[in-house]
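Asker: can't give you the sequence, but here's the structure:
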């Protein structure tokens, strides 16, 4: 499927071996292709140094356990594979570029029995993906447009949002609805109770009267970036509340920001089309946490994004 | 991944070509592997003749439209590809065997941009899988054990159960819970309102006082086998009601049966551990619809299954 | 508040008298101003003839009874007042123009006791408003863009959507959200169960395989235009189903149309940004019902709107 | 509408001017009359001194922002207008009387275009209303009868209870149901989860084992009096919990009290017809907070009410 | 426990024997006393003739099956026991009196093991109770006051309302709330969706425009009297709809009536304090069905009740 | 009903008198037999010393108050009766045995009026039951199998789970479903929000990263053993959180344990069939709290149970 002439030279871990990325292909009978029956996790590098890999691997194993998938590797082995994959791909990064570093496990192939598969157990993949700096530069500079679609985040008693699985259609369908009216929309779904929950791979924070509010962990995937932002806020003397927040809170927030692995922390300029607070982007609290984040990771990710505009 | 020596000789349609099944592999960057971002449909053959392919293809395009995926083929082309794949694989079937015939479309690869993919659009696959006659023979003979797990079917305002997508974790997690206590359990989930909904690829029917009841279409994938059973029941003079049915109805049903593409129609012997009705399997109404089904498809699928016990 | 020089010459019924429209003013202590504590109804004229006034007045009295407001007039008196107001305003209509004809009742003034009000009981108003033909001409010609906002229609056990009251903020807030991303959006809210409900003063219909589907009466105000469209569809031999319809149905509808007093029936061109059916506006079923509607009211309201574009 | 002979002499602020209260009238086309499309806030005076006007104005602007209404005045200007209106009306108060001081903004008139309105933007009103001391004296002395009606408080994803809007029918319909069986009933609605929420302009508190419990802010309008009571309780060394409270809590409460702008704090003698705690009114905790409230506002509002019995 | 001097002479069936009613006592370790772990059914006589015993016994066995209780008697044996108990008690009835005839089964005693119980299996009781004609005479003459309490009917996925069990606290708590404000209130609970469900042993019917509406079977115990009323209405040419009905419907109903075993059919004069329809009791449709009921059972139960006033 | 020869010699308190247990029988017309209209509480002894009787009696009176039942005894009298019943039964205990000590009150008999009952008011019972040490020994040694059934715990707005009433069918039906697949299953129900709630007379705790989590009080009966375990955990320096916990939490818990009056604290070995944590039973945190519990009650209840295996 990949043309040798134009092929990238990145490598990936695939079931025990380091192979060219283009060789990481799975049979259509793999359960993750057919059923989304798999899980993943994803961290990023800052100036080529990986961020909180341990926490990501821990969270990854929680998702796997919820799905009753045994990847056949220990967390330590998964960590080592991740570090090796990163190490062997770093030289391909351009100036000021960084990677997502991801782990993926499917439950494996549903074999008919006559195919002669050498391997039908879990497919384990570790891979690097360059961050989409250019595509997101504008939003970093100007702020994102948060839009709440009508589709509700899948409730925990159907499938827990706290497992980072390969079943993303709930959020994808919601996001297509939001982007149909505004292609730049960043969708944040409500949970079944009508509270703000999360968007694709991203958490939302509101700032009000100098304090920071973000949805409770039960209805969202508690991001590592979310956790980092909360720790940094506390460290900066900013009160942090994990609690139910809703559209009334958002309409009256002084600032809103989004956290995600790739974005770290990015300000919102509008919420459902209405300017956030007094419309300054980023607001002072968002700025303070962003600055602390930059110091923590020793990488000016804001500048990194904006430079690519 | 497949060992040449033991490889099956089945072929499949893959993005325009008929290729050996073992060559139908997708990059890990395919969105259906990573996100379950795809849809499928599935019919079966009876004595090697395909059943209601047109209805299945129609339903498949409804799933795709809901997901805003354009497969790049018209329904007629998808049908033709399906017929060709079947034709070229029929000679591999053993005596008394039959195929599932399935179509799958993923939204395609999320390309980084430097991989040199020849193809990043939707991956379109049509394939044949031998029916698991032996594995299910016991249940056909004795009846299935229906168990209702605690996990609820994903509500329609999160992701419509009426689209047959590659996001199956809701039902898989539920099924693992049910099978943990009874490995032979066939799980049927409740919807958010507490009514019986559906199981993995299967619909439930209750028989009471000579009439047949099955959940309304909104909370379930309205199976073609479900539709067939309803038509046959009507044809046999049996009243059919699409309506809310719940655990009280099930506890007091005279008979319960399950429909699915592969099973067509199979009786339940217990519901949450309690014998169904007077415990005869199949009951007279189930038997009458089954017999009509056998006549319709001109294939004694009951015998086909039971023979493999 | 009105400048004499530019004042319109329309008159209205106000608590027993016919007065210039500009004189129909209510104290700020009126409960409908302060609490939305009132109800209304609204029909329109076709070529200056009023449409189904009786049905509207009947529905109006149902809203009032639900609110336990006694307007002090019988339905017959309300009808007579409506006819008189219309009669006395008809001469002001321009060529090809028509009126909304509305009745409004508030519960009256919450008197402190020292104001010397001559009247504190219900304020009863009957008035004419020219139809916004020009503002809606584009949508009639090209179809409306239906958008589903995140805000859910108020549930019946909080306040019944079947009473046409002066409490519209639920729908107004939803509509502002939808229009923030697309100013031309026509918002249709979901009910608490995630089914399509209604928009501001409007009902939604889906067409699938030649039949027509519209939400059940319990979660929506059952419009007179909705009723008319259903009767006309039946008369044209088109099957009509009042049933739960959801976003999956809408994504797969062949046609979608909206009914309302002013619009009668207008086709939708998109649903959440996706073209409806094959994108033809209006589709054949919508067209057939529209044509029948035009014949029924003996007024080509489509032409009436489009001419104003 | 007002008879000159008996007219009160109170003045009000109306769109920039101080005018006699009887002149504050709005066209029937004002959106707050027609749709309840407006918001308000309300504080009171104690011995003619206004209470926490700043907090009320802040909350008022949160309601307006949620509704996307710009009143055209800054909070400081609204405050100044409020103070002026109060100042100019104080001389009309009798011995021991006090005022409600309210601000109201509607979104303005939906103009047809030919009426020659001088003003179609938001209608801004600031007004004084004498407190209903006599009408409530009995309840202050003996305690109120709290009754929970069947109607549920509008859920936040339909319309946030935290915005103090002109849409009060949900609570009015509930209150009429409660008062139909007991005209002295004070209705407190449940939220959609079955927890105690709030009544018309009033918050509920339970006392159990010396601590105070009141519903969380999300499902209720967080009253300034509620906030005051919580601060005073804390100051008196009484533990305060904002948490879910339900009918089991209420049945077993030692004391129950209600807070509202006008009442400040009033004890309940029964809850759904059952005497509260040991039936003493007010109980010791209610008494302690009431006494602290009296000291804070330097006005014995209990005596003020009871004297009017 | 019963004083011989004043003891009634009624007999009852108790685990195989006919014994004096006063001898039907159960150990406190019986599961129905401790857990409500039992079920019952109840019909009545008309002029000493039992009504639809077969249907009641059938329904009884559905309740038992749902609870997985095997009473140890066949339906035919239960019927025979019922007939015998009635036969032996008839001579005790006064002029114009009639009986309730009830069957009750508990799951039996949870034995410690050392008590030496002769019997620990299901306790089976059949008994007669004189109808409370006098206590209900006033309501029959004037109509009942229907009140909707805040407590919601237990949802079917917690415990099916369709099983007539010994767990009545949900309805008893609701009824005490309603009666606290109005001792004559007849409470009808809402289901979890906010629709009218049922009251203690009673179903509700609305009449609107000559047709009859009653809640669907899923959220209520489908009474035999309900079924009878529906059949009689149909026989009288009155359209009958089993459908969702809510408080808006009730506010606008022309007539409301209640059915129950003892009452058969009784008109409501108010609904939540508001007169039903035009306030005539019984209304013409209620009257027509009542008359047909009287003819069916060949007993003027209206007169029977009213005579006792 | 009891055979004199084999009768136990335990006595019980019954409406004012101490009588042989076999004499505590209630008429079938008692409301708790017919309707489950009663409440109870239950503590146990450790080495024949009663545990926290005061707290149990307090909780008992909360249940009674919620049901509006006045038992006719003060809490002090109920305590005294309990102590006397225990005292008079202690001599019957074997080596290493202990008692449950329970109080039960029904609302009493619904008298027809002609039975000549000496007593129709509340039936008050205090009784001792030997603990089922042998039956539970295996689970204490190996850990219980926690299974979540599909039936949901009755919501608080139907009947509060916080009142310990004689209405247990919700949990009994759920438990029969769970045990049908695994007779050793210990069922823990979800609440209406999909969070873990409680099982029959038992609370659930999760251990994660050294801290302890248990469901909030609103949806469960807050057990005295639950309270004890929380206090002991805190005393041992283990953080305790009362919060929403769900099936994702359970799948990823390091340890799970159950508390109940009889069991005190027992470890779970599986949750929905998946081994808990690393599968060690009991885990270190469970062990630490158990040890503290043993010290508190000065009775090695673990050994007491296991010895009976």
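Answerer: Received, thanks. Here the structure is a predicted model, which is why all the values come from computation and not from measurement.
Asker: When you work out contacts or count neighbours from here on, use the C-alpha atoms and nothing else.
Answerer: OK.
Asker: how about residue A:297, what does it touch?
Answerer: By Cα atoms under 8 Å, 6 or more residues apart in numbering or on different chains, residue A:297 lies in contact with A:46, A:51.
Asker: Quick check: which ranges of the stretch 201-309 of chain A have low pLDDT?
Answerer: Filtered on pLDDT under 70, the stretch 201-309 of chain A yields no residues whatsoever.
Asker: In chain A, what residue lies closest to chain C?
Answerer: Residue nearest to chain C within chain A (Cα to the nearest Cα): residue A:150, separated by 3.8 Å.
Asker: which residues touch that residue?
Answerer: Contacts for residue A:150 (Cα under 8 Å, 6+ apart) come out as A:174, A:189, B:157, C:148-151, C:190.
Asker: From start to finish, how long is stretch A:63-71 in a straight line?
Answerer: Stretch A:63-71 has an end-to-end distance of 11 Å (criterion: Cα to Cα, to the nearest Å).
Asker: chain center to it: distance?
Answerer: How far stretch A:63-71 lies from its chain's middle: 19 Å, per Cα atoms, centre = their mean, to the nearest Å.
Asker: quick one: the residue nearest the centre of chain A from residue A:65, how far?
Answerer: Centroid-nearest residue in chain A, with Cα atoms, centre = their mean: residue A:201, separated by 3.7 Å. Here residue A:201 is placed at a distance of 20 Å from residue A:65 (Cα to Cα).
Asker: Break chain A down into its structural domains.
Answerer: Domain ranges of chain A: A:4-131, A:136-307, per automatic domain parsing.
Asker: Rebuild those as a markdown table, extending it with distance to residue F:103.
Answerer: As requested, the domains of chain A are exported to a markdown table (distance: least, Cα to Cα, whole Å):
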| stretch | distance to residue F:103 |
| --- | --- |
| domain A:4-131 | 42 |
| domain A:136-307 | 37 |
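Asker: Highest mean neighbour count across those, which stretch is it?
Answerer: Ranked by average neighbour count under the criterion mean count of other Cα atoms under 10 Å in any protein chain shown, the domains of chain A are headed by domain A:136-307 at a mean of 21.
Asker: what about residue A:207, which helix or strand?
Answerer: strand A:202-208 (DSSP states H and E).
Asker: Give me the next element, helix or strand, following that strand.
Answerer: Going down the chain from strand A:202-208, the next helix or strand is strand A:211-214, by DSSP H and E.
Asker: Please name the strands paired to that next one in the sheet, noting orientation.
Answerer: The strands beside strand A:211-214 in its sheet (DSSP bridges) come out as strand A:202-208 (antiparallel), strand A:240-242 (parallel).
Asker: contacting residues around the shortest one?
Answerer: Residues outside strand A:240-242 that contact it (Cα under 8 Å, 6+ apart) are A:211-217, A:230, A:233-234.
Asker: Return the distance of that strand from the chain's centre.
Answerer: Distance, stretch centre to chain centre, for strand A:240-242: 21 Å (Cα atoms, centre = their mean).
Asker: Then stretch A:45-63?
Answerer: Remark: stretch A:45-63 is offset 11 Å from the chain centroid, using Cα atoms, centre = their mean.
Asker: That one near chain F at all?
Answerer: Yes. Using Cα under 8 Å from any Cα of the partner chain, stretch A:45-63 reaches chain F at residue A:62.
Asker: Can you name the residues of chain A sitting close to chain C?
Answerer: So chain A meets chain C at A:148-151, A:177, A:180-182, A:190, A:272-274 (Cα under 8 Å from any Cα).
Asker: Greatest separation within the residues you listed: which pair is it?
Answerer: Greatest spatial distance among the residues of chain A next to chain C (Cα to Cα): A:151 and A:274, at 20.3 Å.
Asker: I'd like the distance between residue A:118 and residue C:49.
Answerer: Distance from residue A:118 to residue C:49, by Cα to Cα: 80 Å.
Asker: Shouldn't residue A:238 be within a strand?
Answerer: No. According to DSSP: H, G, I helix; E, B strand; the rest coil, residue A:238 belongs to no strand; its state is coil.
Asker: who touches it in this structure?
Answerer: A:210-212.
Asker: which residues of the stretch 101-250 of chain A fall in helices?
Answerer: Secondary structure of the stretch 101-250 of chain A (DSSP state H, counting those that start in this stretch): helices located at A:133-142, A:169-181, A:224-235, A:247-251.
Asker: From residue A:279, how far off is residue A:258?
Answerer: In terms of Cα to Cα, residue A:258 sits 16 Å off from residue A:279.
Asker: same deal with residue A:244?
Answerer: 24 Å.
Asker: Nearest to chain F within the stretch 1-150 of chain A, name that residue for me.
Answerer: residue A:66 (5.5 Å).
Asker: dump the residue contacts of the residue lying closest to residue A:199 once chain neighbours are set aside.
Answerer: Of all residues not flanking residue A:199 in the chain, residue A:188 sits nearest, at 4.3 Å (Cα to Cα, 6 or more residues apart in numbering or on different chains). Remark: with contacts taken as Cα under 8 Å, 6+ apart, residue A:188 is in contact with A:146-149, A:196-200, A:204.
Asker: again, 7 Å this time
Answerer: Neighbour list for residue A:188: A:146-148, A:196-199 [criterion: Cα atoms under 7 Å, 6 or more residues apart in numbering or on different chains].
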